[in-house]
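Colleague: Make a model of this:
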Amino acid sequence: MGRLVEHGPDDFFDEKKDWSRVKHSILKKYLDIYTNIRGSKNPLLFFIDGFAGPGWYGSGDQREQGSPILAAELAQRAISEGKPYRLHCILVEGDPDRAEQLAEAMSGFDRSLATVMPGPFSEWRPTILRQIGDHPALFFLDPWGVKGIELSDIQSLLDRPDTELLIRLDAERLRRLAGNEDSAAPESVGKLRRVSLVVGEDPDDPEGGWLGQWRQLGSSLEWEEWAVATYARRLRERSPHLQHAVPYPVRETYRSRPKYYLIFATRYPPAVGYMNEVVCIEDENLFSSTEAVRGAQLSFLGDIHVQERESRLRDLMEEIHQYGIAHQRVSRSDIMQHFAVRRFGQFMKKHYRQAIDALVAAGRARYDGRANDKAPIIFLSSTRVDPS
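Modeller: Numbers count the residues shown, from 1 in each chain. Take a look at the predicted model:
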């Protein structure tokens with residue numbers, strides 16, 4: 001392996017890994033949704049890639065798109081299709097060699113579509129904020145490791161009225177830094193401070209926060225999940241505008257331990273629903289690609305997958321019924337929006353409609369008028385009924 005530096009191994013971009021394909025698929029699909037919806041009322045939108053890389057993975061006929069290329073292609077498509085908006089991509093790369101490669105990769109696009117900024121994102125941040133002004137902006141922060149996403153460092157982004165964020169949080173790397181809590185090595189002090197800064201705590205007093213959880217929780221995975229949930233919650237709490245921040249685990253294969261998490265933050269409640277649909281589709285695709293390589297096991301494992309979905313759907317029915325009893329006359333849209341946050345990445349809209357229809361069929365709910373996403377629903381007290 002190549003030299004390990006702040007920007008990752010030298011050979012990191014030689015080949016695109018499966019989990020990076022998942023990450024970029026999510027980014028591309030959501031950015032397409034974001035630009036079409038926000039662009040209907042805003043003539044200028046910004047996409048800011050804070051850790052852009054060289055633009056491509058690999059070389060020659062085998063090369064694959066990095067985030068700068070996929071964003072620039074969406075910006076180009078908006079022009080070619082005559083969309084009423086323009087998307088401008090601001091691409092920041094701190095490594096000099098990769099920044100030079102990025103500039104070359106972007107030379108094939110119109111200069112009005114993208115700006116390449118060589119140097120650390122932290123140094124370019126004030127300039128970027130002045131340039132984008134009050135226009136809607138989606139920030140994609142995908143650093144190597146966890147340096148660059150400390151909550152105090154990105155506070156200026158959280159203070160913007162019209163910001164959405166998609167942040168890659170490497171919980172495993174954060175946990176490895178936390179593992180230095182009993183080390184006497186001089187460099188361990190800086191590593192422990194980094195953990196505190198990432199999760200938004202006082203670096204001089206970690207005992208009441210991440211360190212206490214480190215000593216209390218029974219497994220490394222539990223601590224990683226705590227750290228991710230804490231980061232997402234504090235991301236929202238530190239912003240006067242963001243209403244939601246939800247994490248999604250990106251995996252190499254279905255059921256495998258997360259490689260890292262994507263934290264999505266927005267001020268716009270329906271945006272969580274849009275992103276929820278995107279990540280659920282990725283989960284289904286990941287299941288299909290994982291089990292497809294297992295040959296004869298596919299049918300059996302597929303049956304288990306269906307059984308698990310049906311069991312979770314029964315549980316979802318009960319949650320919806322309890323929610324409906326406490327919030328009479330909510331609509332399907334209200335329910336889907338509420339549970340998209342509560343159960344982010346677990347169910348699609350079609351599953352919520354299926355669960356609500358099952359409650360209606362069981363006599364536990366009824367529409368006040370014609371059945372559709374906007375119609376009020378009256379929930380009735382009754383015993384639990386199995387939807388099967």
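Colleague: ok, the spatially most central residue of the chain to residue 163 distance?
Modeller: The centroid of the chain falls nearest to residue 262 when counting by C-alpha atoms, centre = their mean (3.4 Å). Residue 262 is 16 Å from residue 163, where distance means C-beta to C-beta, to the nearest Å. All C-beta atoms are positioned from the backbone trio N, CA, C, and that covers glycine.
Colleague: thinking again about what came up before, might you report the residue contacts of the residue nearest to the centre of the chain?
Modeller: Applying C-beta atoms under 8 Å, 6 or more residues apart in numbering, we find residue 262 in contact with 23, 26, 166, 167, 168, 169, 247, 248, 250, 279.
Colleague: Are we agreed that residue 372 is in a helix?
Modeller: No - under DSSP: H, G, I helix; E, B strand; the rest coil, residue 372 sits outside any helix and is assigned coil.
Colleague: Give the phi and psi angles for it, as a check.
Modeller: Residue 372 adopts backbone torsions of phi -160, psi 180, taken as degrees, to the nearest 10.
Colleague: Next: the one 3 residues further on.
Modeller: When read as degrees, to the nearest 10, the backbone of residue 375 gives phi -70, psi 140.
Colleague: these two touch, right, it and residue 332?
Modeller: Yes - applying C-beta atoms under 8 Å as the test, residue 375 and residue 332 come out as touching, 7.5 Å apart.
Colleague: and the nearest residue to residue 29 once chain neighbours are set aside, what does it touch?
Modeller: Spatial nearest neighbour of residue 29, excluding adjacent residues (C-beta to C-beta, 6 or more residues apart in numbering): residue 278 at 4.7 Å. Residues near residue 278 by C-beta under 8 Å, 6+ apart: 26, 29, 30, 33.
Colleague: which among the residues you listed end up buried?
Modeller: 26, 29, 30 (16 or more other C-beta atoms under 10 Å).
Colleague: Low-confidence regions, the stretch 1-150 of the chain specifically.
Modeller: Regions of the stretch 1-150 of the chain meeting the criterion pLDDT under 70 cover residues 1-11, 14.
Colleague: Please, where are all the strands along it?
Modeller: 4-5, 8-9, 44-49, 56-57, 64-65, 86-93, 114-118, 137-141 (DSSP state E, counting those that start in this stretch).
Colleague: And for residue 45, the neighbour number?
Modeller: By other C-beta atoms under 10 Å, the residues close to residue 45 number 23.
Colleague: From residue 191, how far off is it?
Modeller: Taking C-beta to C-beta, one finds residue 45 at 38 Å from residue 191.
Colleague: show me where the protein has helices.
Modeller: Secondary structure of the chain (DSSP state H): helices located at 18-38, 67-80, 96-106, 121-132, 155-158, 171-178, 188-198, 210-216, 220-237, 269-292, 297-326, 332-342, 349-361.
Colleague: now those as JSON lines including distance to residue 88?
Modeller: Formatted as JSON lines, those follow (distance: least, C-beta to C-beta, whole Å):
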{"stretch": "helix 18-38", "distance to residue 88": "11"}
{"stretch": "helix 67-80", "distance to residue 88": "7"}
{"stretch": "helix 96-106", "distance to residue 88": "12"}
{"stretch": "helix 121-132", "distance to residue 88": "8"}
{"stretch": "helix 155-158", "distance to residue 88": "17"}
{"stretch": "helix 171-178", "distance to residue 88": "31"}
{"stretch": "helix 188-198", "distance to residue 88": "29"}
{"stretch": "helix 210-216", "distance to residue 88": "38"}
{"stretch": "helix 220-237", "distance to residue 88": "25"}
{"stretch": "helix 269-292", "distance to residue 88": "20"}
{"stretch": "helix 297-326", "distance to residue 88": "41"}
{"stretch": "helix 332-342", "distance to residue 88": "29"}
{"stretch": "helix 349-361", "distance to residue 88": "32"}
